[in-house]
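Undergrad: Provided below are the primary sequence and the corresponding predicted coordinates.
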Protein chains: 2
Amino acid sequence: MKFYDCAEAPSPRRVRIFLAEKEVELPVVQVDLRAGEQLGEEFRAINPDCTVPVLELDDGTRITEAFAICQYLEAVHPEPPLMGRDPTEAALVTMWNARIEQHGLVAFAELFRNLHKGFRGRAVPGPVDCEQIPALVERGRKRGEAFFNRLDQHFAGNGYVVGNKFTLADITALVGVDFAAWSKLEIGPDRPHLQAWYDRVSSRPSARA
Amino acid sequence: MKFYDCAEAPSPRRVRIFLAEKEVELPVVQVDLRAGEQLGEEFRAINPDCTVPVLELDDGTRITEAFAICQYLEAVHPEPPLMGRDPTEAALVTMWNARIEQHGLVAFAELFRNLHKGFRGRAVPGPVDCEQIPALVERGRKRGEAFFNRLDQHFAGNGYVVGNKFTLADITALVGVDFAAWSKLEIGPDRPHLQAWYDRVSSRPSARA
């Protein structure tokens, strides 16, 4: 296997933390997103979506999306289980992961990519160039704050996202919270339950990945 | 089990087609999205995301996202397999399903929900009210057209989305194409491979679900 990564980027960090929890090491190829390497012909042949992470299998198959990569790694390296131990728990991890992506990561990316000059013309990841839309900065912040509030309520009664066990859903949320901070969207003093969960998961050795 | 549905809506149709392919029938509760039933207190207690589909299990667990629901149904009703027959195929179905959601369904929804007066203040599904942004109509159409082009190229060499077998990824794409047509984003005469695939999958009995 071979792992196409970018050490500074949030999406591949989800896979890096997942691998660290599994204690699996893979050969890594760094893709320089700041230099636009993902948009060049060579990388487009690897992933036409122009994004990392990508997991390349020994038969040449390429898996180009974080959740799908984790699903594959969970199948071939089942211990410790990070995506649920039975069909119900597995569905809840998938559901929460999707919620965190759709209401968290998407909102944080909307805020970040429409705000910073470096993303002019590149407001949406992928092969289609899109101009920044200033109204999305505001909308991303509003949605992001609402999602932080929701997580705070959730962690008032739960130690982890699903089933009081650390799972991929926690990894996605942790990466999301750190990514939101790039745009000065912070947990703040009014979300003590989210803060307590954050302190818990970010103190795991895997969080340094 | 109990299935919260809305007969006119695209997202729960993904689950309806999946169930039809499995020949599984479930008790159904219709949620009247046009009347805003999903925003009322009663439904918020069922799904705080204010969306359908929702699958309620006999132990009361609620799975509130289409892909996660299908994952659960695949585990308890494995035949015929619709989410891959081994870890590699499963990862590819998940990857393509995510691609179709992110680059297809999201773009089609961006176009539709920012265009129609009925969605004023409700441009994003979920509990957070968001005003329409006219620039997203244009962006959604541009991204949607690009995604149709990509699917057309893919189907030039593939009978189905993954592995020349009908899977959940085909269901998601079929529902997406039909949803795009609500905003007059059509396959058109210049995408013959996408059209041939569409004719093939939409002639399956399950497509009437």
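TA: Cool, got the structure.
Undergrad: switch to C-alpha atoms for all contacts and neighbour counts from now on
TA: Will do.
Undergrad: how much space is there between the residue with the largest distance to the centre of chain A and chain B?
TA: Distance from the C-alpha centroid of chain A, by Cα atoms, centre = their mean, peaks at A:Asp59 (26.1 Å). A:Asp59 is 10 Å from chain B, where distance means Cα to the nearest Cα, to the nearest Å.
Undergrad: can you give me the pLDDT of that residue?
TA: On pLDDT, A:Asp59 comes in at 97.
Undergrad: how about it, what does it touch?
TA: Not one residue lies near A:Asp59 by Cα atoms under 8 Å, 6 or more residues apart in numbering or on different chains.
Undergrad: would you quantify the distance from it to A:Met1?
TA: A:Asp59 is 9 Å from A:Met1, where distance means Cα to Cα, to the nearest Å.
Undergrad: repeat that for A:Asn47.
TA: 16 Å.
Undergrad: what do you get for A:Leu55?
TA: With Cα to Cα as the criterion, A:Leu55 and A:Met1 are 7 Å apart.
Undergrad: when A:Asn47 and A:Met1 are compared, which one has more neighbours?
TA: Ranked by neighbour count (other Cα atoms under 10 Å in any protein chain shown), A:Asn47 and A:Met1 place A:Asn47 first, with 21 against 14.
Undergrad: so who does that one touch?
TA: A:54, A:62, A:64.
Undergrad: what is the nearest of these to chain B?
TA: A:Thr64 (6.7 Å; Cα to the nearest Cα).
Undergrad: surely the closest one touches A:Leu57?
TA: No - with contact defined as Cα atoms under 8 Å, A:Thr64 does not count as touching A:Leu57 (11.2 Å).
Undergrad: neighbour count winner among the two?
TA: Neighbour totals were compared for A:Thr64 and A:Leu57, and A:Thr64 leads with 26 against 13 (other Cα under 10 Å).
Undergrad: state the helix or strand in which A:Val29 lies.
TA: Using DSSP states H and E, A:Val29 falls within strand A:28-30.
Undergrad: what's the offset of that strand from the middle of its chain?
TA: The chain centroid and the centroid of strand A:28-30 are separated by 18 Å under Cα atoms, centre = their mean, to the nearest Å.
Undergrad: ok, then the element right after it?
TA: Following strand A:28-30 in sequence, per DSSP H and E, is helix A:41-46.
Undergrad: do the helix or strand following that next one and chain B meet at all?
TA: Following helix A:41-46 in sequence order, the next helix or strand is strand A:54-56 (DSSP H and E). No - contact between strand A:54-56 and chain B is absent, the nearest approach being 10.5 Å (criterion: Cα under 8 Å from any Cα of the partner chain).
Undergrad: now strand A:54-56: average pLDDT?
TA: Mean predicted confidence for strand A:54-56 is 98.
Undergrad: lovely, talk soon.
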